[in-house]
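S.K.: Sequence plus the predicted model coming up.
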Amino acid sequence: MSDAAESKKRSRKHYGGLKNKRQKVSRELDVGMQGILITCNMNERKCTSEAYNLLNEYADKLYGPEKFADKEESGSEEDDENEDDDAEAALKKEVTQMRESTEKGRRRFQAVDSGANNVVFIRTQNLEPDQLVHHILQDLHATKKKKSRVILRMLPVSGTCKAFPEDMERYLSTYLEPWFKEPAQATYQIAFKARNSSHNKRDDVIKALAALVGKLNPKNKVDLTNPELTIIVEVIKSVCCVSVVRDYTLFRKFNLQEVVKNDRAPDQGPKATPDNAPNQGPKTTPDNAPNQGPKTTPEKAPNQGPKATPENAPNQEPKAPPKNAPSVKAAQAEDEGEGGGEPAQQAAEPPTEATRNGSTEEGR
């Protein structure tokens, strides 16, 4: 019997597994939390480390250094008296003490599992996350000093609810009142993103949310260029994270890598002038024009033969004399006749048989 009792007592000592499971559940993103949603490009561990350093630096400036609650030393005598209690009672007491110490000694910032890749959620305690994030971005925008390498966007989360249409409408109708309910009014835009959630369509959520804002005050107007307020809605699995922020466009959608860049229009380079126009070589002139040979002149024009004249014109036949025009010989004979010689008819007569043989009738 004594051995069986000891085995039961030993088995009861393994209740610590329940404690670990509860601790893991509390370190996941859940409804009712406030914090900061941070995106990165891989390397979540480095992102978490940078987030702790950056948040603690600016939180100390805004709220002062973090103070930890001292552990109460009362009850030491009770511990001595309860040494003889059974194992089950001692275990319950230990769990209660751990819960109390956790609530009292909770850190200002605590990383929890976000439920999505490349997303880190930092849970905040006793501070306003939207105020802290705006202060960080305002300082980075003014100083242009880069303080992170892995962190991309830093979005405050001042409210969370279940990511179902009915729950979101019920929660947001109350949550948005301080900014949009009469007499308050503002221009706004909606920034929506869903991760690991297929039951929330972007267009449906935006239409429902815009209708809700219009119901709070019909004077609220949508402005996608330079709105006064931006409603950020981030859905991860079954949790909807919400916040209302200012200067969303000025701070480049709360992107820490973009906000430290120069204040010029995005996706535009320096103004191109005739002197520094990109992808252009030196100015071309008639003397140094590219891809051109030496200056051609009529004397040495390429692919041209000698200058054609009437005497050596190629592929040309001599001009045919006009009809009834006198021959060259006749013309010469006329000239000779005019000079006092033989008549032109005699010169033009064809030779006779006698003349061919070189003799005359007188010679016969």
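M.R.: Noted; the coordinates are in hand.
S.K.: quick one: low-confidence ranges for the protein?
M.R.: Counting by pLDDT under 70, the chain shows low-confidence ranges at 1-26, 68-87, 93-94, 96-105, 263-364.
S.K.: where along it do the strands fall?
M.R.: Applying DSSP state E to the chain gives strands spanning 35-40, 109-112, 119-124, 151-157, 159-162, 187-195, 221-222, 229-236, 239-245.
S.K.: Including distance to Gly64 and mean neighbour count, could these go into JSON lines?
M.R.: The C-beta positions use only the backbone N, C-alpha and C, and glycine is treated the same way. Shown next, in JSON lines, are those (distance: least, CB to CB, whole Å; neighbours: other CB atoms under 10 Å):
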{"stretch": "strand 35-40", "distance to Gly64": "19", "mean neighbour count": "24"}
{"stretch": "strand 109-112", "distance to Gly64": "15", "mean neighbour count": "18"}
{"stretch": "strand 119-124", "distance to Gly64": "15", "mean neighbour count": "23"}
{"stretch": "strand 151-157", "distance to Gly64": "20", "mean neighbour count": "22"}
{"stretch": "strand 159-162", "distance to Gly64": "25", "mean neighbour count": "18"}
{"stretch": "strand 187-195", "distance to Gly64": "32", "mean neighbour count": "18"}
{"stretch": "strand 221-222", "distance to Gly64": "40", "mean neighbour count": "14"}
{"stretch": "strand 229-236", "distance to Gly64": "28", "mean neighbour count": "22"}
{"stretch": "strand 239-245", "distance to Gly64": "24", "mean neighbour count": "23"}
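S.K.: so Asp113 bridges to which residues?
M.R.: With DSSP bridges as the criterion, Asp113 is bridged to Glu28.
S.K.: Okay, the residue nearest to Tyr58 when sequence neighbours are not counted and Phe109: tell me how far apart.
M.R.: Among residues not flanking Tyr58 along the chain, Ile136 sits closest, at 5.1 Å (CB to CB, 6 or more residues apart in numbering). Distance from Ile136 to Phe109, counting by CB to CB, to the nearest Å: 13 Å.
S.K.: just Gln189 next, same as before
M.R.: On the measure of CB to CB, Gln189 and Phe109 end up 29 Å apart.
S.K.: ok, back up a step: quick check: neighbours shared by Ile136 and Phe109?
M.R.: When contacts are counted by CB atoms under 8 Å, 6 or more residues apart in numbering, the set common to Ile136 and Phe109 consists of Leu55.
S.K.: Spell out the residue ranges of the helices in this structure.
M.R.: 2-12, 16-26, 44-63, 76-81, 87-104, 129-143, 165-175, 177-180, 202-216, 256-259, 328-338, 344-348, 353-356 (DSSP state H).
S.K.: related to what we said a few turns ago, tally up the residues packed near the residue nearest to Tyr58, please.
M.R.: The number of residues packed near Ile136 is 25, by other CB atoms under 10 Å.
S.K.: Quick check, it in contact with Ala51.
M.R.: No - using CB atoms under 8 Å as the test, Ile136 is too far from Ala51 to be in contact (10.6 Å).
S.K.: so what sits against both of the two?
M.R.: Met154.
S.K.: which residue packs closest to Pro178, ignoring adjacent ones?
M.R.: Using CB to CB, 6+ apart, the nearest residue to Pro178 is Ala184, at 7.1 Å.
S.K.: where's that neighbour relative to Pro65, distance?
M.R.: Taking CB to CB, one finds Ala184 at 36 Å from Pro65.
S.K.: ok, now His141?
M.R.: 26 Å.
S.K.: and what of Asn217?
M.R.: 41 Å.
S.K.: Between those two, which is the more surrounded one?
M.R.: Asn217 (17 against 8).
S.K.: hang on, isn't the more buried one packed against Gln185?
M.R.: Yes - counting by CB under 8 Å, Gln185 is a contact partner of Asn217 at 5.1 Å.
S.K.: picking up where we left off before, could you pull up the residues touching the residue nearest to Tyr58?
M.R.: Leu54, Leu55, Tyr58, Met154.
S.K.: do Thr124 as well
M.R.: Per CB under 8 Å, 6+ apart, neighbours of Thr124: Gln34, Gly35, Ile36, Arg108, Phe109, Leu132.
S.K.: need the residues you listed in JSON lines with distance to Thr230, can you?
M.R.: Listed next are the contacts of Thr124 as JSON lines, based on distance: CB to CB, whole Å:
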{"residue": "Gln34", "distance to Thr230": "18"}
{"residue": "Gly35", "distance to Thr230": "18"}
{"residue": "Ile36", "distance to Thr230": "16"}
{"residue": "Arg108", "distance to Thr230": "26"}
{"residue": "Phe109", "distance to Thr230": "24"}
{"residue": "Leu132", "distance to Thr230": "17"}
